[in-house]
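# pasting the structure only:
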Ligand code: ADP
């Protein structure tokens with residue numbers, strides 16, 4: 001199964017992707033996690049990305065594509081993946097299609113976790129307290145939500161028009177949302 005998970009910051013993508021990974025036995029590729037690992041390692045790429053991320057802006061398409069190409073060159077992505085955090089703008093959506101086409105692959109579904117803005121802000125405030133992520137401060141949260149509306153929402157529209165989009169209600173318990181995703185991708189009875 002090749003999945004693209006879409007949703008605003010705080011929509012629960014990361015949490016659900018981690019569960020899907022175990023259930024579907026495919027790697028979870030989170031561009032946010034990949035970038036945070038670069039920042040933590042203090043690599044040249046990480047040094048470049050750090051300030052941009054803390055501000056809540058998007059890291060350059062070029063850096064993202066390079067990172068993604070490297071990740072997709074690894075064998076474990078051959079039979080499936082859950083992509084989380086990419087694409088975040090229309091140029092990235094085109095780049096993803098091209099990257100996958102080059103590998104002779106297509107994704108099976110783009111799943112959007114839908115959560116309204118008020119709840120997103122509430123969840124991100126809670127996460128700021130619990131995890132202390134550098135980009136969960138109020139200013140950066142506002143910026144990330146704005147970037148999402150301006151740049152990522154068009155990707156969702158694009159997939160909708162292509163008939164590739166599945167929308168899942170992201171409000172409810174972790175188990176409820178997980179069950180909805182499985183149903184939406186037709187995997188409810190696939191594994192164990
Ligand atoms: P969230 O979805 O909560 O914003 P992520 O972990 O997905 O968190 O991303 C954190 C930050 O990493 C983003 O705000 C952005 O700066 C950077 N980032 C992640 N994915 C991308 C991407 N595809 N393009 C550009 N920047 C990205």
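Nice, thanks for sending it over. This one's a predicted model, so the numbers in the text were calculated from it and none came from an experiment.
# near the ligand, which residues of the protein?
On the criterion C-beta under 6 Å from any ligand atom, the ligand has as its neighbours in the chain the residues 9, 31-32, 35, 52-53, 56-59, 64, 85-86, 88, 92, 135, 144. Where you see a C-beta, it was placed from the backbone N, CA and C, and this is true even at glycine.
# Just the buried ones out of those residues, please.
Among the residues of the chain next to the ligand, those scoring as buried are 9, 31-32, 35, 53, 56, 58-59, 64, 85-86, 88, 92, 135, 144 (criterion: 16 or more other C-beta atoms under 10 Å).
# Pick the one among those residues closest to the ligand.
Using C-beta to the nearest ligand atom, the shortest approach to the ligand within those belongs to residue 32, at 1.8 Å.
# these two touch, right, the closest one and residue 86?
No. Residue 32 sits out of contact with residue 86 when judged by C-beta atoms under 8 Å, with a separation of 9.2 Å.
# Which ones among the buried ones among the residues of the chain next to the ligand map onto helices?
Secondary-structure check on those using DSSP state H: residues within helices are 31-32, 35, 53, 64, 92, 144.
# Present those as TSV; the columns should include distance to residue 109 and pLDDT.
TSV is the format used below for those (distance: C-beta to C-beta, whole Å; pLDDT from 0 to 100):
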residue	distance to residue 109	pLDDT
31	18	98
32	21	96
35	24	97
53	28	96
64	21	97
92	18	98
144	24	94
